[in-house]
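Asker: Need a 3D model of the sequence below.
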Amino acid sequence: MKESPFKTIDEQIDILKERNLNFIDKENCKKKLLEYGYYEIVNGFKDFLLKSKNPDKFNDNETFEHLFAIYELDKNIQQGVLRATLEVELLLKTALAYTIAKRYGEKECQYVVKTNYKLGKEYTGKNGEKFYSIDNIFEKLKKILEDDFNPFKHYKDEYDNIPPWIIMKGFSFGNCIHFLKLQKADVKNEIISILTGIPKDFIENNEDFKKFVISVLNLAYRFRNRSAHCSRIYNYKPKGALLLYYANFHNYINVSRNEFDSGIGNNDLYSLYRALNVLNSSKPNIILGSSIRFYIKEHLKLFPDDKFNILKSIGVPNVDINLSIDDIL
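Answerer: The predicted model follows:
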């Protein structure tokens with residue numbers, strides 16, 4: 001496949017005209033193309049408005065303004081996803097730091113000890129040397145402990161120690177999930193209990209529930225990264241079965257077990273929104289749900305016929321367009 005050659009804004013407008021797209025305000029459309037890019041607006045969202053029998057052409061009477069409105073809807077939802085998943089990251093960091101400090105102590109010499117944690121997967125280096133997942137975490141810890149930026153430098157200079165709740169500030173969301181997986185069973189159970197508000201006695205005897213919670217964290221992490229890089233979010237569905245089956249979750253989102261196993265209600269934006277309810281804090285779910293509802297309703301004021309396609313795209317199963325957005329989400 002040949003790479004698309006560079007086209008000026010006027011040439012881009014001409015291409016869209018040839019593809020049956022209309023313009024209410026051509027000059028404003030040129031401005032939008034220059035600000036956000038043809039690829040982002042058109043290639044990212046054209047499928048919503050293309051003819052089913054001729055995918056090179058837009059539906060009759062479709063406008064650039066409609067296409068851009070879908071693009072804006074997605075960008076607005078992205079911000080809700082980012083805010084919600086940043087809350088999830090903060091909850092995880094707090095639970096990790098609290099439990100590690102409680103179990104091992106707040107001093108580096110107490111908690112930066114490899115035997116406190118599981119080794120994880122074994123890897124072979126270029127020269128045949130063996131190393132483990134925990135080595136990657138400890139390499140990250142070492143970099144933070146030697147960091148010359150605040151708050152790490154301040155704690156090192158002032159107290160000659162960086163406690164867990166400060167060192168977690170240097171961990172990425174992905175680092176935190178990986179570190180959670182490397183906790184020994186009793187510590188992991190306590191962290192998950194803090195995250196979910198479920199008694200530790202239930203968690204320690206329920207491996208499926210622990211795996212489900214970690215899969216929710218992984219899904220939030222993938223959506224956080226996607227939104228942080230300003231990539232299309234409304235129909236994003238990460239590859240792989242990230243959201244693992246657990247108990248009656250499929251009934252909770254109104255799909256059968258067979259549908260869930262086939263991918264319906266799994267890994268999409270709607271399932272992330274519903275799965276965040278597993279957390280003890282309702283804030284991530286509220287942030288994400290209110291954002292999705294508000295911006296979809298605002299969009300439908302101008303383009304009410306988009307309702308089915310939008311809800312289907314974000315993963316709502318068995319869409320009933322006669323229901324209000326508030327009743328669906």
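
Asker: So which residue is smack in the middle of the chain?
Answerer: Central residue of the chain (C-alpha atoms, centre = their mean): F223, 1.5 Å from the mean position.

Asker: residues touching that one, list them.
Answerer: Residues near F223 by C-beta atoms under 8 Å, 6 or more residues apart in numbering: V81, T85, I233, Y236, P238, L269, L272. For every residue, glycine as well, the C-beta is placed using N, CA and C.

Asker: Which positions within the helix or strand hosting it qualify as buried?
Answerer: Under the criterion of DSSP states H and E, F223 resides in helix 207-228. Neighbour counts using 16 or more other C-beta atoms under 10 Å place 209-210, 212-227 of helix 207-228 among the buried residues.

Asker: State the distance from Y104 to I192.
Answerer: Y104 is 18 Å from I192, where distance means C-beta to C-beta, to the nearest Å.

Asker: likewise N280?
Answerer: Distance, N280 to I192, using C-beta to C-beta: 10 Å.

Asker: higher neighbour count, these two?
Answerer: Legend: neighbour count by other C-beta atoms under 10 Å for N280 and I192, higher for I192 (25 against 12).

Asker: Need the contact partners of whichever strand or helix holds that one.
Answerer: In this assignment (DSSP H and E), I192 forms part of helix 185-196. Residues outside helix 185-196 that contact it (C-beta under 8 Å, 6+ apart): 91-92, 95-96, 98-100, 103, 180-181, 183, 198-200, 203-204, 209-210, 213, 278-280.

Asker: Equivalent analysis for stretch 135-149, please.
Answerer: By C-beta under 8 Å, 6+ apart, stretch 135-149 touches 108, 112, 114, 117, 152-153, 156, 162, 167, 170-171, 175, 178-179, 182.

Asker: please redo it, this time with the cut-off set to 10 Å
Answerer: 108, 111-114, 117, 119-121, 123, 125, 131-132, 152-153, 155-156, 161-162, 166-172, 175, 178-179, 181-182 (C-beta atoms under 10 Å, 6 or more residues apart in numbering).

Asker: Drop anything exposed from these.
Answerer: Buried among the contacts of stretch 135-149 by 16+ other C-beta under 10 Å: 108, 111-112, 117, 120, 132, 152, 155-156, 162, 166-168, 170-171, 175, 178-179, 181-182.

Asker: Which of those fall within strands?
Answerer: Using DSSP state E, Y132 are the members of those that sit in strands.

Asker: and V316, that one's in a helix?
Answerer: No - per DSSP: H, G, I helix; E, B strand; the rest coil, V316 lies outside any helix segment and is coil.

Asker: which residues touch it?
Answerer: Counting by C-beta under 10 Å, 6+ apart, the residues that V316 touches are 253-254, 265, 268-271, 273-274, 292, 308, 310, 323, 325, 328-329.

Asker: Using TSV, lay out the contacts of F223 together with distance to I15.
Answerer: TSV is the format used below for these (distance: C-beta to C-beta, whole Å):
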residue	distance to I15
V81	31
T85	36
I233	26
Y236	26
P238	32
L269	30
L272	35
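
Asker: Does E106 belong to a helix, a strand or coil?
Answerer: Assignment for E106 (three-state DSSP): coil.
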